[in-house]
Structures are given as structure tokens and as C-alpha cells.
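1. need a structure here:
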Amino acid sequence: MLKYLIQVIQNLMVPAVLVSLILSAALRGSRICGKKAAAGAAAGAVCALVLAVLRRVTVHINREYVNIAVLSISLAAGAVFIFFLVRAFRVRSFDVPSCGKDDEDSSGIQGKIFQGTFAVLPAALLFYALPTVFLYPTEFVLAGESVFNTDFLFKFAGYLFGLLAVILSALALFHTASRLSAKVISIFLCAGLALTMVNQLATIIQFLLARRIIPMPRWLFSVIILIINYNTFFLYSLLAISCVLPFILYIKSRPPAGGWTNPAQHRKIRAAMRERKRWSALVIVCFVFAVFSLTALKAYDAKEVVLSPAEPMTIDGGDILVSLDTIMDGRLHRYEYTASDGTQMRFIIIRKNEAAFGVGLDACDICGPTGYYERENEVICKLCDVVMNKQTIGFKGGCNPVPLAYILKEGNMIIKTADLEKEKHRFAV
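-> This is a model prediction of the structure:
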């Protein structure tokens with residue numbers, strides 16, 4: 001669950017924040033720019049969905065080349081966009097310039113170029129980030145498994161929560177920024193774009209270096225490695241920059257001391273101020289949750305799971321004897337056996353119900369000998385985090401433990417060492 005929550009937030013938060021600011025700036029500029037930005041965002045999402053489907057059904061899509069092409073377009077559009085905005089800072093009465101009026105006035109060649117960047121930027125940002133996110137649900141179920149299982153529901157829930165967090169963040173930031181002046185929005189948008197463009201440029205250069213398209217000087221390689229290693233710095237910096245906007249709006253949302261003509265107008269003003277404060281607070285809450293997910297939750301999800309120690313058992317000739325009194329509690333029990341060639345093997349036993357036990361190697365056909373552990377009365381694969389259906393342990397298929405035969409006799413469970421010897425290759429180093 002946490003894995004997909006974290007991955008969705010990590011992949012989508014940057015484009016979501018930037019697209020929100022772009023839409024806010026566009027709507028503050030003119031109706032034409034607003035329409036172009038919205039159309040660009042929609043086109044980017046649709047194209048991303050098409051690309052995700054093509055990547056799923058064909059092997060003829062080179063992901064790297066597509067990503068580099070999209071990043072190059074985004075980088076060029078961002079540079080043009082910042083150029084026009086920086087020029088606008090020289091105008092005393094700042095507005096989003098060269099954008100056209102609310103009618104069909106195009107404002108010349110420069111206006112059309114600027115309008116084009118409002119469409120291209122959100123389209124490129126979403127087209128780059130969304131295909132991978134659209135493909136996450138295809139990873140929820142392993143081959144041969146049904147979607148009707150607890151593991152699928154947990155993964156899908158994490159995925160949906162991640163999307164909800166990103167969408168709420170974008171929506172709250174849009175409502176917050178659109179209530180500020182065009183100058184304020186554009187200043188922070190320029191800063192956010194500049195940060196993102198550094199990361200995009202590093203990704204492009206990394207690709208060119210890897211393909212030996214450009215020479216690899218040591219200093220450039222060191223810079224690229226530094227940027228890659230601190231990739232999340234750009235996300236945190238963008239969130240920090242964007243966090244200033246709700247604080248500005250919150251300060252400006254203090255009810256005025258006067259300026260109304262009747263109590264009804266006063267109530268209306270106060271209601272508008274409260275609404276602004278709520279949107280501002282929601283931005284902060286969403287950003288804090290995003291940072292918490294990418295730090296504390298990510299560290300918790302990535303922490304190493306330590307398998308429980310092996311429990312005592314008795315070996316009598318070719319038989320392994322495990323007392324039934326020790327395995328009747330319904331918990332996971334792990335045992336260790338040394339094969340004839342010295343290979344250390346593990347097997348697990350769990351009582352499934354009143355009449356049956358699940359017995360198998362601490363390994364499976366898919367994930368190998370990584371082992372299983374117990375969490376909140378559920379058996380989990382350590383490698384892929386799949387939740388086992390206890391009733392299927394002891395049967396072949398999916399990520400189930402490789403089954404072992406056993407018999408119950410005189411208060412003991414008996415497992416043949418010969419059966420373990422046949423499977424020792426699974427634990428060979």
C-alpha cells in the first residue's frame with residue numbers, strides 16, 4: 001500500500017504543482033491563455049494514457065527516447081516562458097503580457113508564441129510523468145493471480161490515496177494562487193520552473209553521456225551524479241517555494257476594518273476571507289503530507305524486515321519431527337535444515353484451520369529464497385510484499401511457498417529430509 005502511495009506522490013507532485021501555477025497565471029492573464037493552458041493539460045493527460053497503453057501492448061516504444069524528446073520540448077517551452085515573464089517584470093503595471101485580450105485579439109507573433117507556451121508546458125509536464133503512473137495498476141497482480149485478494153485491494157488503495165493527495169494539492173494550490181496577483185504568481189512560477197529545468201537538463205545530459213553522444217568530462221559527470229543523488233531536493237524546494245503563496249494569501253485574508261455598506265455585505269466579505277484561509281490551510285496540509293510520505297513513510301516502507309529465528313526441531317534418521325504442541329497457535333513457525341552439501345535451507349509451518357497445516361519452503365518460484373514473515377496475523381513475502389492467503393499455503397502457484405509433504409503421527413509432524421534435499425538448489429548461493 002505505502003509503496004504506490006509514495007511512488008504516485010513522488011512522480012506526480014512536481015508536474016501537479018507547476019500545472020496548477022501555470023493555470024493560475026493563465027487565467028489571470030486572459031481567457032485565451034486560460035483555455036490554451038487547460039487544453040494543453042488535457043491533451044498531455046490523454047497522450048500519456050495512449051502512450052501507457054502502447055507501452056503495455058507493444059515492445060516498439062522506446063521509453064528513453066520518448067522521455068528525452070518530451071523533456072527537451074518542456075525545457076525549451078520553459079525557457080521561452082521564463083523569457084517572456086522576465087521581460088514583463090520591466091513593465092510598471094505588471095500583467096501577463098502578450099497573451100491577448102479576452103476577445104480574439106492575438107497580440108501579434110510574440111503573443112502567439114507566449115500563448116503556445118501556456119499549452120505546451122502543461123502538456124509536456126503531464127505527458128512525461130503520467131504514463132508510468134497509469135501503468136502502476138498493471139503491477140498489482142502477479143501472473144495467474146486473481147484481483148479478488150487483500151493484497152490487490154491494499155495496493156489499489158495506496159494508489160488511489162496517492163492520486164487523491166496529488167489532486168487535492170493541485171486543486172488547493174490553484175484556488176490559492178488564482179486569488180493572488182499575476183505578478184506574484186509569475187515570480188513563484190518562474191522560480192519553480194527554473195528549479196525543474198535544472199533537473200530536466202540533468203536527465204537529458206545523463207542520457208547523452210550514457211549514449212556517448214557528448215564527451216564525458218569529469219566535472220560534468222560529477223555534477224550530474226550530484227543532481228541525481230539529490231533528486232528529491234528539487235521536489236522539496238518546489239514545495240517550499242509554493243508554500244509561500246498560501247501564507248501570502250492568508251495574510252491578505254484578514255477581514256478589513258471597514259469598507260462595507262451594510263451587514264450583509266460585511267458577512268459576504270468575511271465568508272470570502274474564510275474561504276481563502278481554508279484553501280491556504282489545505283495547501284499546507286497537503287504539502288506536509290507529501291513530505292511526510294516521502295520521508296517518514298518511505299523510510300518505514302523501505303526498512304529491512306528481519307526474519308524470525310529458526311525454532312528447534314528433531315532429526316531422526318531421514319525424518320524431521322516437529323511437535324504439534326508447538327505449532328497449534330496459528331502463527332508462522334520457521335525451521336532450518338542443513339542439506340548434505342552444507343546448504344542452509346529454511347521451511348515454514350503454519351496452522352491454517354482445525355484440520356490442515358500449511359507447510360512449505362521459506363522460498364517460492366517467483367521471489368526465490370527471500371523468505372516470508374508475519375505481520376498483523378498475515379503472512380507476507382519479504383521481497384514483493386505480497387500478502388499470502390493462508391489457505392493456499394501448501395499449494396503451488398503465484399508467490400506461495402514451495403510446498404512440502406508431511407504426515408501427522410503420534411503428536412508430531414513428520415517431514416522427510418529427502419524432500420528437502422530435492423529442493424536444496426533453491427537456497428544455493
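2. only C-alpha atoms for contact and neighbour calcs from this point on.
-> OK.
3. ranges for the strands of the stretch 251-400 of the chain?
-> For the stretch 251-400 of the chain, strands defined by DSSP state E, counting those that start in this stretch occupy the ranges 314-316, 319-323, 333-338, 344-353, 356-361, 372-375, 378-381, 387-388.
4. can you list the ones you listed in JSON lines and add distance to R55, mean neighbour count and mean pLDDT?
-> Below are the strands of the stretch 251-400 of the chain laid out as JSON lines (distance: least, Cα to Cα, whole Å; neighbours: other Cα atoms under 10 Å; pLDDT from 0 to 100):
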{"stretch": "strand 314-316", "distance to R55": "53", "mean neighbour count": "12", "mean pLDDT": "89"}
{"stretch": "strand 319-323", "distance to R55": "50", "mean neighbour count": "18", "mean pLDDT": "91"}
{"stretch": "strand 333-338", "distance to R55": "41", "mean neighbour count": "18", "mean pLDDT": "92"}
{"stretch": "strand 344-353", "distance to R55": "39", "mean neighbour count": "20", "mean pLDDT": "90"}
{"stretch": "strand 356-361", "distance to R55": "36", "mean neighbour count": "22", "mean pLDDT": "90"}
{"stretch": "strand 372-375", "distance to R55": "33", "mean neighbour count": "20", "mean pLDDT": "87"}
{"stretch": "strand 378-381", "distance to R55": "28", "mean neighbour count": "19", "mean pLDDT": "85"}
{"stretch": "strand 387-388", "distance to R55": "28", "mean neighbour count": "22", "mean pLDDT": "80"}
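5. let me have those strands in a markdown table, adding distance to I269 as columns.
-> As requested, the strands of the stretch 251-400 of the chain are exported to a markdown table (distance: least, Cα to Cα, whole Å):
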| stretch | distance to I269 |
| --- | --- |
| strand 314-316 | 80 |
| strand 319-323 | 76 |
| strand 333-338 | 66 |
| strand 344-353 | 64 |
| strand 356-361 | 67 |
| strand 372-375 | 53 |
| strand 378-381 | 55 |
| strand 387-388 | 53 |
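6. which stretch among those strands comes nearest I284?
-> Among those, the nearest to I284 by Cα to Cα is strand 372-375 (33.2 Å).
7. what pairs with that closest one, parallel or antiparallel?
-> Paired strands of strand 372-375, with direction, are strand 378-381 (antiparallel) (DSSP bridges).
8. what's next to the strand it pairs with, contact-wise?
-> For strand 378-381, the surrounding residues in contact (Cα atoms under 8 Å, 6 or more residues apart in numbering) are L332, T370, G371, Y372, Y373, E374, V386, V387, M388, N389, K390, C399.
9. could you redo the last one with a cut-off of 6 Å?
-> Residues from elsewhere that reach strand 378-381 (Cα atoms under 6 Å, 6 or more residues apart in numbering): Y372, Y373, V386, V387, M388.
10. how about the fourth one: what's its closest non-neighbour residue?
-> If I follow you right, that is V387. Closest residue to V387 apart from its sequence neighbours, by Cα to Cα, 6 or more residues apart in numbering: I380 at 4.6 Å.
11. bridged to that neighbour, which residues?
-> Y373, V387.
12. thinking again about what came up before, and of the strands of the stretch 251-400 of the chain, who's closest to L160?
-> Closest to L160 of those is strand 387-388 (Cα to Cα; 19.0 Å).
13. that older thread, the strands of the stretch 251-400 of the chain: which one's closest to V8?
-> strand 387-388 (21.2 Å).
14. elements contacting that closest one?
-> strand 378-381 (3 or more Cα pairs under 6 Å, 6 or more residues apart in numbering; DSSP states H and E).
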